[in-house]
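S.K.: Fold the following, please.
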Amino acid sequence: MNSAFSSFGFKYEIVYGQVKYASECDGGPFDLSRWVHGINQGNFINCYDQGSIVQIALGLGPPVTTEWMYMKPYGFIQPTNIVGYPLNPNGPLGKNCNNPIGASPATLVVDNDASTRKPFGNHVFIRVGGENGFIADACAGPHLGTETLQQYIDAAIQKLPNHSLTEYQITTLYSSQAEGKKVPGTVHNAKVYTGVTCLDGCYIRGPNHDRPETDGSKRAMVKAREGMTTDNTVYAINLDSLKDQFKAHEDKYFNLLLNEQGCTATWDMHFDSPTIEDTEIQISILESNARALKFFENDLHTSEIPAYKYLTKPASIPLASQLFLATDDSTALEDGVSGVLLWVRGNVCVSIIGNPSAVELWESWGSKIDAFLKECSTLAPGDLKDFAYDIPQTAVANSDMTITITVSSLRRWQSPFPQMLNKHSPSSHARSTLSCTTSGRPRRHFKP
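M.R.: You can find the predicted model right below:
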């Protein structure tokens with residue numbers, strides 16, 4: 001636990017509470033290879049990432065029951081230390097944080113009842129030892145598996161004003177929230193979910209698993225749809241050609257993840273400077289324009305605070321697409337917020353996050369990527385579904401499992417999965433055996 005909190009050089013993403021390597025609030029695939037590459041790079045993470053690595057690490061030790069606990073609502077936090085930031089002996093109770101969301105490093109600690117304080121809307125931690133077990137939290141604290149769930153809540157979350165509690169155990173902010181619905185979480189709000197299902201698996205969600213909207217994402221989507229165009233194009237993306245767009249930048253890490261919903265290609269561009277964080281470029285290729293639009297919306301739903309605070313449609317970025325949002329540099333730079341670019345073109349959703357501003361991200365990377373996409377060839381609807389696969393009903397641990405994929409009309413099967421099929425000569429029929437990582441969910445993780 002202490003190592004997960006202080007030994008790998010990650011830091012909590014204090015603006016949006018955005019996830020980086022994990023999938024969702026309920027668990028799912030975890031991008032372990034990319035996490036390993038990010039060690040000591042100063043990359044941002046959130047509680048889903050920290051919960052994932054704790055559950056993975058505990059799974060490598062002596063047999064023990066671990067449960068992924070998702071708590072919503074959570075509440076305003078008692079003074080604590082948040083992962084990745086220096087200790088603050090002048091902070092309340094000598095801690096470095098009581099304001100983890102919508103903050104900057106300078107505002108991690110504010111007055112207990114300051115109107116600018118934000119709660120954790122939700123939080124993930126791990127319970128060890130079953131229903132009566134103990135809580136491990138490597139995001140805030142840390143909490144080292146010595147407290148029951150109730151003891152953990154009492155130590156971590158502020159309550160409504162109560163004369164029997166100390167000043168840092170309570171706050172008046174619950175009743176002063178604008179929507180009037182903020183309450184501290186209780187043991188009844190902490191639910192057990194699936195947790196980590198596989199390593200290096202793709203996290204594109206299927207149509208039956210779309211995330212519910214939040215107030216912030218709903219408002220951001222209104223902005224994103226302004227002037228929305230129609231583009232039902234299905235682009236055939238050759239990832240080898242796409243990778244060529246970034247070959248000039250030497251210090252980078254590329255990762256490709258696939259599932260039956262599509263694939264996500266991610267580049268982490270590292271800069272040898274303590275003041276410039278990695279730039280993350282993520283290109284997700286889905287089966288249709290409708291799914292790309294929904295992927296864009298789901299991405300906004302993962303934000304912890306109202307996304308509309310920084311995201312808009314800057315006139316300085318000449319991007320005409322169906323959905324488009326970018327950080328308003330006039331407010332984002334002032335608050336120390338990274339630049340963000342998000343847009344959809346056809347069946348492709350692009351996300352670029354990094355320093356210093358959205359305009360410079362567009363000039364450096366975004367304009368080149370969008371021009372590349374517009375030059376790609378296109379596919380007819382349905383071309384991405386010309387395959388079938390046979391999955392064994394049972395599998396034995398530590399043994400090979402073979403999944404046979406039958407691909408028809410291979411001439412029409414172009415990217416987005418070139419690395420899976422490029423080794424085969426064009427024919428009307430092809431069969432291939434791939435290694436497969438199984439998980440507790442009905443999803444396939446193909447690894448050529």
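
S.K.: Find the residue ranges of the stretch 51-200 of the chain scoring beneath the pLDDT cut-off.
M.R.: Residue ranges of the stretch 51-200 of the chain with pLDDT under 70: 176-181.

S.K.: so where do the strands sit in it?
M.R.: Applying DSSP state E, counting those that start in this stretch to the stretch 51-200 of the chain gives strands spanning 66-71, 123-128, 134-137, 143-147, 190-193, 195-199.

S.K.: Name the strands paired with the last one and say parallel or antiparallel.
M.R.: Using DSSP bridges, the strands paired with strand 195-199 in its sheet are strand 27-30 (parallel).

S.K.: Provide the contact partners of the next helix or strand after the partner strand at residue level.
M.R.: Proceeding N to C from strand 27-30, the next assigned helix or strand is helix 32-37, under DSSP states H and E. Helix 32-37 is contacted from outside by 21, 49, 53, 56, 199-200, 253, 255, 266, 268, using C-beta atoms under 8 Å, 6 or more residues apart in numbering. C-beta here means a position set from N, CA and C on the backbone, and glycine is covered the same way.

S.K.: pLDDT of helix 32-37, averaged?
M.R.: For helix 32-37, the mean per-residue pLDDT is 92.

S.K.: Can you give the distance of that helix from its chain's centre?
M.R.: Distance of helix 32-37 from the chain centroid (C-alpha atoms, centre = their mean, to the nearest Å) equals 14 Å.

S.K.: Please apply the same query to stretch 3-13.
M.R.: For stretch 3-13 - counting by C-alpha atoms, centre = their mean - the centre lies 16 Å from the chain centre.

S.K.: can you tell me the distance between the two ends of it?
M.R.: From its first residue to its last, stretch 3-13 covers 19 Å (C-alpha to C-alpha, to the nearest Å).

S.K.: So what touches that stretch?
M.R.: With C-beta under 8 Å, 6+ apart, stretch 3-13 has contacts from 20, 38-46, 49-50, 53-54, 57, 82-85, 100, 138-139, 141-142.

S.K.: Mark which of the residues you listed are buried, thanks.
M.R.: 20, 38, 43-46, 49-50, 53-54, 57, 82-84, 100, 138-139, 141-142 (16 or more other C-beta atoms under 10 Å).

S.K.: Show me those residues that map onto helices.
M.R.: The helices in this structure, assigned by DSSP state H, contain 49-50, 53-54, 57 from the buried ones among the contacts of stretch 3-13.

S.K.: for the residues you listed, which one is nearest residue 300?
M.R.: Using C-beta to C-beta, residue 49 is the member of those that sits closest to residue 300, with 18.6 Å.

S.K.: Contact partners for the closest one?
M.R.: Each residue near residue 49 by C-beta under 8 Å, 6+ apart is listed here: 10, 19-22, 35.

S.K.: Repeat the analysis, applying 6 Å as the threshold.
M.R.: Contacts for residue 49 (C-beta atoms under 6 Å, 6 or more residues apart in numbering) come out as 20-22.

S.K.: on that earlier part again, how about the ones in helices among the buried ones among the contacts of stretch 3-13 in CSV, adding distance to residue 166?
M.R.: CSV is the format used below for those (distance: C-beta to C-beta, whole Å):
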residue, distance to residue 166
49, 31
50, 27
53, 33
54, 29
57, 34
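
S.K.: Residue 343: which of these is nearest?
M.R.: So of those, ranked by how close each gets to residue 343 (C-beta to C-beta), first place is residue 49, at 25.0 Å.

S.K.: okay, that closest one: pLDDT?
M.R.: Listed pLDDT for residue 49 reads 96.

S.K.: From residue 150, how far off is it?
M.R.: 26 Å (C-beta to C-beta, to the nearest Å).

S.K.: What of residue 224?
M.R.: 42 Å.

S.K.: who has more neighbours, the two?
M.R.: residue 224 (27 against 12; other C-beta atoms under 10 Å).

S.K.: and for stretch 280-299, what are the contacting residues?
M.R.: By C-beta under 6 Å, 6+ apart, stretch 280-299 touches 210-211, 221, 232, 237, 262-268, 323, 344, 346-353, 365, 384, 416.

S.K.: Make a ChimeraX selection of the buried ones in those.
M.R.: Those of the contacts of stretch 280-299 that count as buried under 16+ other C-beta under 10 Å are selected in ChimeraX with:
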select :211,221,237,262,263,264,265,266,267,268,323,344,346,347,348,349,350,351,352,353,365,384,416
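
S.K.: which residue sits closest to residue 113, ignoring its sequence neighbours?
M.R.: Spatial nearest neighbour of residue 113, excluding adjacent residues (C-beta to C-beta, 6 or more residues apart in numbering): residue 172 at 5.1 Å.

S.K.: what's the burial count for the one you found?
M.R.: 11.

S.K.: Going along the chain, name the helices of the chain.
M.R.: Under DSSP H, the chain gives helices at 2-6, 32-37, 47-59, 149-156, 173-176, 215-224, 239-244, 289-301, 329-332, 358-361, 367-375, 418-421.

S.K.: quick one, what contacts the most far-flung residue of the chain relative to its centre?
M.R.: What lies farthest from the middle of the chain is residue 163; by C-alpha atoms, centre = their mean that is 40.0 Å. Under the criterion of C-beta under 6 Å, 6+ apart, the contact list for residue 163 is empty.

S.K.: How about residue 73?
M.R.: Here residue 73 is in contact with residue 185 (criterion: C-beta under 6 Å, 6+ apart).

S.K.: swap in residue 346?
M.R.: Residue 346 is in contact with 231, 233, 235, 289, counting by C-beta under 6 Å, 6+ apart.

S.K.: Please report which of the residues you listed has the highest neighbour count.
M.R.: residue 235 (24 neighbours).
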